[in-house]
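Enquirer: Quick one: sequence plus predicted model below, questions after.
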Amino acid sequence: MNQQINDNMINIGIIGAGGRMGRMLIEAVQDNPKTILSAAIERQGSSLIGADAGEVAAIGCLNVHIVDDLVAVINDIDVLIDFSLPDATEQNMQVCAEHKVAMVIGTTGFNERQEKALAAVSKNIAVVYAGNYSTGVNLSLKLLQMAAKAFGTDADVEIIEAHHKHKIDAPSGTAYMMAEAVAEARGQNLKDVVNYGREGQTGEREAGTIGIHAIRGGEIVGDHTVMFIADGEVIEITHRARARMTFAAGAVRAATWVIQQSAGQYNMQDVLGLSG
């Protein structure tokens with residue numbers, strides 16, 4: 001952990017500070033009484049380099065100028081929040097591990113190599129890695145586990161997620177989290193039972209499989225519904241996000257928690273005390 005430069009405040013760095021999520025994170029950091037924005041980072045070549053991060057986020061001047069080099073500001077940071085792209089996050093993890101800076105990662109779409117890199121980094125620093133930082137979503141995961149254990153494979157499970165037209169990966173990280181929660185509760189390996197949508201002559205639905213379907217359009221923040229379809233009844237567990245601030249505030253809450261943890265990989269269930 002770095003020597004904190006702002007009294008007892010936790011110094012936060014934000015990757016992708018000029019993006020929609022980055023701007024929300026800047027506001028959430030300033031709204032949290034335990035945190036202060038100490039660094040804002042954008043990609044090289046961004047037109048926002050040199051701009052004041054607070055003005056970019058439309059919350060007033062913060063005297064924190066956006067830079068394009070994480071290494072240049074890493075010593076000012078206690079926790080780095082990264083909601084960017086897998087390749088960029090992979091590089092940022094290495095920088096944080098080298099400088100012993102904790103991380104909160106909301107990037108989705110990691111491949112197998114990047115997941116292994118995350119596991120390796122987590123041996124040296126504390127990392128919270130989650131596909132969704134909403135309190136409501138994480139409570140939903142507990143309900144999904146309960147339903148999956150009760151039904152077993154007697155109910156067919158279908159997951160439907162919807163996001164805005166700008167989202168570049170599918171299915172969403174939250175949909176994966178929900179599918180993993182169901183599969184784990186049923187004693188399954190998700191990779192063995194997942195079915196991504198259907199097309200053509202698919203044949204009858206195989207018992208025990210988990211279907212995932214992605215919808216993209218407009219400005220939907222994030223909707224997720226999990227259907228447990230038994231022969232005589234259907235249970236639906238739905239979460240609808242109506243503002244990105246939900247995710248941003250959750251990520252900042254995770255930052256205030258992870259700074260107190262030893263090296264390891266954690267999730268939002270751990271932050272909320274819902275694990276186990």
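Expert: Looks like it came in fine.
Enquirer: any idea how far stretch 196-206 is from the chain center?
Expert: 30 Å (C-alpha atoms, centre = their mean, to the nearest Å).
Enquirer: Equivalent analysis for stretch 257-276, please.
Expert: On C-alpha atoms, centre = their mean, the centre of stretch 257-276 falls 13 Å from that of its chain.
Enquirer: List the buried residues of that stretch.
Expert: Residues Trp257, Val258, Ile259, Gln265, Tyr266, Asn267, Met268, Gln269, Asp270, Val271, Leu272 are the ones in stretch 257-276 that count as buried (16 or more other C-beta atoms under 10 Å). Backbone N, C-alpha and C define where each C-beta goes, glycine included.
Enquirer: Output stretch 75-93 in CSV with nothing but the alpha carbons.
Expert: Only the C-alpha atoms of stretch 75-93 are listed here, as CSV (Å, rounded to 0.1, in the frame of the first residue of the first chain):
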residue,chain,number,x,y,z
ASN,A,75,2.9,6.2,-6.6
ASP,A,76,-0.1,8.6,-5.9
ILE,A,77,-2.6,5.7,-5.9
ASP,A,78,-3.7,3.3,-3.1
VAL,A,79,-6.4,1.6,-5.2
LEU,A,80,-6.8,1.5,-9.0
ILE,A,81,-10.3,1.1,-10.4
ASP,A,82,-10.2,-0.4,-13.9
PHE,A,83,-13.4,-0.7,-16.1
SER,A,84,-11.7,-0.9,-19.5
LEU,A,85,-10.7,-3.5,-22.0
PRO,A,86,-9.1,-6.9,-21.3
ASP,A,87,-5.7,-6.2,-23.0
ALA,A,88,-5.4,-2.8,-21.2
THR,A,89,-6.4,-4.3,-17.9
GLU,A,90,-3.9,-7.1,-18.3
GLN,A,91,-1.1,-4.5,-18.6
ASN,A,92,-2.5,-2.4,-15.7
MET,A,93,-2.5,-5.5,-13.5
